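S.K.: This is a predicted model, with the sequence first.
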Amino acid sequence: MFEKFLNLSRVHKRLVSVFADVAVLFFALWAAFSLRLEQRFWVPDQGQLIVSGLTVVFTIAVFIKLGLYRAVIRYLSDRAFITVITGVVISSITLILLGYWLEVQVPRSVPIIYGALAFIFVSGTRMTVRMLVNRPRHRNKQFVAIVGAGETGLQLANALDQGTEYHPAAFITLLKANHRALINGIPVYDISHIERVVREHRIKRLLLALDADSGIDRKRLLKKLEPLAIPVQTVPTMSELVAGQARINDIRDLELEDLLGRDPVQPDNAQVATSLYERAVMVTGAGGSIGSELCRQIIQHRPSKLVLFEQSEFSLYAIERELQAINQIEALGVEIHPLLGSVTHRRRCETAMRSFGIETVYHAAAYKHVPLVEHNIIEGVQNNVFGTFHVAEAAIAAGVKRFVLISTDKAVRPTNVMGASKRLAELVLQGLAQRQSDTIFSMVRFGNVLGSSGSVVPLFRDQVRDGGPITVTHPDIIRYFMTIPEASQLVLQAGSMGQGGEVFVLDMGEPVKIADLARKMIHLMGLMEKTDDRPDGDIEIVFSGLRPGEKLYEELLIGDNPQGTAHPRIMMAREVSMPWDEVEQTLNRLMRASHDFDCQEIIQILKTAPTGFAHNGDLADLVWCHGDRHLAASPSESEKIRRFPA
């Protein structure tokens, strides 16, 4: 019977609702008179019958006018109950007026009793129907607990209640005063009782819905949730909701940057804005993870022009399309120019800078994947060292005022070619800063960023979803981590502070043990680590051994006495530099070795330069190890010209 009602058309359902309301309103009137007159079987006279009939008809007309019958009972909201209250109040007033005009006896308390009964019956029938309709859907939903009993948590509970996947069975509060409270009929428990809540309510998933201004220590919170071994997920941030980029019920996996426990970066927007507003800015490597985020943040400061310089066609297309959308939606009025090109082509770089009157360059283009550069030494040196040199020389020739190099913690006492090439790139810029004063050169050094190309975090996530194992190179390997937006904000901040030749070092917080990071990811995805003690676990961690050029511990400083700056998250390193004539001699030797395809000589040059390079592996260049070294060492003149143009 009930299924037949659910399958009726909208018109028929509305007619059933109207007839149901007619019946309950007549009953409410009869009950009101019976209670007031204390008659168990009260029978109305003709006048009272007419007044009752007119009241009911007028009330139904008011309900129709207020849109009560357009509301879908399955998704009934608070607004529907306000409509019922409004209609019932008007109905009670109508009863009083009709009794007065038609001179029918209507005791003064009857409209009050009638109004209360009418609200109970009209709203109660709808609540009953909604409960019956939703009961099968709730039964098939997965029970979840919402961590956070604030406004965000309430919005999430309402959204999930209307959905088909999750049923909010409990709120987890971080305020003991809210323990045992009820929110929308959902019980609230203090976080100290979370294990019992998970067990008794058959919770299959925890959803983080913390208010932006809650001030909760997310690192400590996740440490409490990790032993539960059930999936922990989160909802979009308030900024994403306001921007329309996501909905409150867009549940997604927890990002591991939450585990860093870092306070949000507070950039000096005034200083950054002064260095970017109405300026012509160029970003090399604009399609990369760091370069693209720099572009997103730079465009918000409204430069006059933003030139995207990128070697990858697809990456350039993707970031240009994204920035054009931001530019149009937010009416920023920035000229965006996507340029294909390589930083190793000096004339291309200089022409681009002159054409657009570039004032500031952020040089993010680099090969930064350690094993790949170990396998492709010449290309790594060409891109990281000579690419930086050519872009910097082009900037000087084009009259660029400020040049910022994005460096890496692997440049500190490097054990691999990538780190050594980035350290030499720093020395090149320091030498150029001594040689001239028109262009201000500065370098910003930081560690791994979460979610960048080559980052370990996306790799771990994919391995967990594939059923494992997770591969970690060494049980004791440690790295610094920072989110891409955080790193980019500090790069912009440090770049605006440079006076010439400084190496700025970002405060990366506490180093993270990679094996612990892998274990946290396993636990927070609701799985168990497979070990010798727990052979029935889900995901195994396998240690594959250090890769060529990789070291256990990364450092950010060469010296031990960093100098503070105006920003608490930015330090200035005091490190050795080279006079320009020595830099030039080193570059000439490196270029000759590159022309000769002599990887062994390149390694030796990187070691003799003051880079602190101590190669911790054998020469691993793929061409050098697998090709004919005699041919590699004696390329034809035509090959030299084609490969290394003047």
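M.R.: Structure received. Numbering: from 1, shown residues only.
S.K.: Okay, and His523 sits in which element?
M.R.: helix 514-524 (DSSP states H and E).
S.K.: strands paired with the helix or strand just after that helix, and their directions?
M.R.: Downstream of helix 514-524, the first helix or strand assigned by DSSP H and E is strand 529-530. Strand pairing for strand 529-530, using DSSP bridges, gives strand 539-543 (parallel).
S.K.: Show me which residues of the partner strand are buried.
M.R.: 539, 541 (16 or more other Cβ atoms under 10 Å). For glycine as for every other residue, the C-beta is placed from the backbone atoms N, C-alpha and C.
S.K.: by how many degrees do it and helix 514-524 diverge?
M.R.: Angle, strand 539-543 to helix 514-524, by axes from the mean of the first three to the mean of the last three Cα atoms, to 10 degrees: 170 degrees.
S.K.: check contacts around Val343.
M.R.: 284-285, 309, 311, 349, 363, 365, 383, 387-388, 390-391 (Cβ atoms under 8 Å, 6 or more residues apart in numbering).
S.K.: One more pass at 7 Å, please.
M.R.: 284, 349, 365, 383, 387, 390-391 (Cβ atoms under 7 Å, 6 or more residues apart in numbering).
S.K.: now do Val283
M.R.: 291, 294-295, 308-309, 362, 364.
S.K.: Tell me the strands beside the strand or helix carrying it, with direction?
M.R.: Take DSSP H and E as the rule and Val283 turns out to sit in strand 280-284. Sheet pairing for strand 280-284, assigned by DSSP bridges, gives strand 305-310 (parallel), strand 360-363 (parallel).
S.K.: Let me have these in TSV, adding mean pLDDT and distance to Asn588 as columns.
M.R.: Shown next, in TSV, are the strands paired with strand 280-284 (pLDDT from 0 to 100; distance: least, Cβ to Cβ, whole Å):
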stretch	mean pLDDT	distance to Asn588
strand 305-310	96	26
strand 360-363	94	22
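S.K.: Tell me which of these lies nearest to Ile112.
M.R.: Nearest to Ile112 among the strands paired with strand 280-284 is strand 305-310 (68.4 Å), distances taken as Cβ to Cβ.
S.K.: closest one to Leu340 among the strands paired with strand 280-284?
M.R.: Once the strands paired with strand 280-284 are compared by Cβ to Cβ, strand 305-310 is nearest, at 6.8 Å.
S.K.: What average pLDDT does the strand of greatest length in the chain get?
M.R.: Ordering each strand of the chain by length in residues (DSSP state E) puts strand 166-173 first. Per-residue pLDDT over strand 166-173 has a mean of 86.
S.K.: and that strand, which strands flank it?
M.R.: Strand 166-173 is paired, per DSSP bridges, with strand 142-147 (parallel), strand 186-190 (parallel).
S.K.: Mind listing what's buried along the helix ranked longest in the chain?
M.R.: Counting by DSSP state H, the longest helix found in the chain is helix 110-139. By neighbour count with 16+ other Cβ under 10 Å, helix 110-139 contains the buried residues 110-111, 113-115, 117-119, 121-123, 125-126, 129-130, 133-134.
S.K.: domains in this protein, as residue ranges please.
M.R.: With domains defined by automatic domain parsing, the chain comprises 2-136, 141-254, 269-595.
S.K.: Which strand or helix spans the nearest residue to Val491 once chain neighbours are set aside?
M.R.: Ranked by Cβ to Cβ, 6 or more residues apart in numbering and with sequence neighbours excluded, the top spatial neighbour of Val491 is Val444, at 4.9 Å. Using DSSP H and E, Val444 falls within strand 440-445.
S.K.: quick one on the thing from earlier: okay, the contacts of Val343 in CSV with distance to Val188 next?
M.R.: Output for the contacts of Val343, formatted as CSV (distance: Cβ to Cβ, whole Å):
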residue, distance to Val188
Thr284, 52
Cys349, 60
Ala365, 52
Asn383, 56
Gly387, 57
His390, 62
Val391, 57
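S.K.: can you tell me which two in these are farthest apart?
M.R.: Maximum distance among the contacts of Val343 (Cβ to Cβ): 13.1 Å, for Cys349 and Asn383.
S.K.: Show me where the stretch 151-300 of the chain has its strands.
M.R.: 166-173, 182-183, 186-190, 205-208, 232-234, 252-253, 280-284 (DSSP state E, counting those that start in this stretch).
S.K.: Comparing these, which yields the minimum mean pLDDT?
M.R.: Among the strands of the stretch 151-300 of the chain, strand 252-253 scores lowest, at a mean of 68.
S.K.: The strand holding Val444 - what's its average pLDDT?
M.R.: Mean predicted confidence for strand 440-445 is 88.
S.K.: The longest strand of the chain vs helix 110-139, what angle?
M.R.: Using the same axes, to 10 degrees: strand 166-173 against helix 110-139 is 100 degrees.
S.K.: contacting residues around strand 166-173?
M.R.: 138, 141-147, 149, 153, 157, 160-161, 179, 183, 186-191, 194, 197, 201, 203.
S.K.: Repeat that for stretch 529-548.
M.R.: By Cβ under 7 Å, 6+ apart, stretch 529-548 touches 370-371, 374, 464, 468-475, 515, 518-519, 522, 527-528, 617, 620.
S.K.: For that stretch, list every residue counted as buried.
M.R.: Neighbour-count burial for stretch 529-548 [16+ other Cβ under 10 Å]: 529-530, 538-539, 541, 548.
S.K.: How far does that stretch sit from its chain's centre?
M.R.: Taking Cα atoms, centre = their mean, to the nearest Å, one finds stretch 529-548 lying 29 Å from the centre of the chain it belongs to.
S.K.: Could you do stretch 465-475 as well?
M.R.: On Cα atoms, centre = their mean, the centre of stretch 465-475 falls 24 Å from that of its chain.
S.K.: Relative to Leu221, how far out is the nearest residue to Leu182 once chain neighbours are set aside?
M.R.: In space, not counting the residues next to it along the chain, Leu182 is nearest to Val188; the distance is 6.8 Å by Cβ to Cβ, 6+ apart. For Val188, the distance to Leu221 (Cβ to Cβ, to the nearest Å) stands at 16 Å.
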